[in-house]
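Asks: From the sequence below, what's the structure:
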Amino acid sequence: MATQKLKPRLFSLIPRAMKIEAVSGDETLIRSDEFHYMRPSFRNNHRMGPVLKTDEVRVLGIELLAPATFREMFEPLAGDVTTLAFTENQIVNFVRRERAWMGRNGTTYFLFRYNKGIVVAVIFAIPSMTSYGVDVHALDDPTVWNHPSFKNCVVVPRINR
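Replies: Okay, here's the model as predicted:
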């Protein structure tokens, strides 16, 4: 079974089987108890999109080995980045299900569908709490992300080719 091809200098596949369970689509990042910090502009302007039920999906965790923009993180993994996007409910489910993995002193990047587009959720553990923070950015944000003291990872659906 073939999966995404990864550039060896930018990515390293995390050898761990992970999945997101089937979800109802009702839960959002804003309505989740998992997140105690959220970018104010996202919280204040959040619009509930359509409720989308999703089936269970296997996912890949991929460690970033070098600084990268969001496009550099995600575009090499699929010809169409929309195929890598989760729903908000799927992200909440992953964070809840993979608590030990999420608390590994790192930042985790997810693409998700929002307002008819694709944005990036940047999720990080809050060390003094048993919760997480989330920043939301445009996929085209030109910032080069580099947190050398953290393990930076992306989580994407496993795509079989």
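Asks: now the residue positioned nearest the centre of the chain, what's its secondary structure?
Replies: When Cα atoms, centre = their mean is applied to the chain, the residue found nearest the centroid is Phe110 (1.7 Å). At Phe110 the chain is in strand, as set by DSSP: H, G, I helix; E, B strand; the rest coil.
Asks: correct me, but it touches Tyr132?
Replies: No - using Cβ atoms under 8 Å as the test, Phe110 is too far from Tyr132 to be in contact (11.8 Å). Placement of C-beta: from N, CA and C, glycine included.
Asks: that older thread, what separation is there between the closest residue in space to the residue nearest to the centre of the chain that isn't next to it in sequence and Tyr132?
Replies: Here the nearest residue to Phe110 in space, its sequence neighbours aside, is Ala121; by Cβ to Cβ, 6 or more residues apart in numbering that works out to 4.6 Å. Relative to Tyr132, Ala121 is positioned 10 Å away (Cβ to Cβ, to the nearest Å).
Asks: With Arg158 instead?
Replies: Counting by Cβ to Cβ, the gap from Arg158 to Tyr132 is 23 Å.
Asks: higher neighbour count, the two?
Replies: Neighbours per residue (other Cβ atoms under 10 Å) separate Arg158 from Tyr132, with Tyr132 holding more: 23 against 14.
Asks: Kindly list the main-chain dihedrals of the more buried one?
Replies: Here the main-chain torsion angles of Tyr132 (degrees, to the nearest 10) amount to phi -130, psi 160.
Asks: which residues does it form a beta bridge with?
Replies: On the basis of DSSP bridges, Tyr132 is bridged to Phe35, Ala125.
Asks: That one touches Phe124, doesn't it?
Replies: Yes - between Tyr132 and Phe124 there is a contact at 6.5 Å, judged by Cβ under 8 Å.
Asks: Spit out the contact partners of the residue lying closest to Phe112 once chain neighbours are set aside.
Replies: For Phe112, the nearest residue in space outside its immediate sequence neighbours is Phe86; the separation is 5.0 Å by Cβ to Cβ, 6+ apart. The neighbourhood of Phe86, defined by Cβ atoms under 8 Å, 6 or more residues apart in numbering, consists of 20, 94, 110-113, 157.
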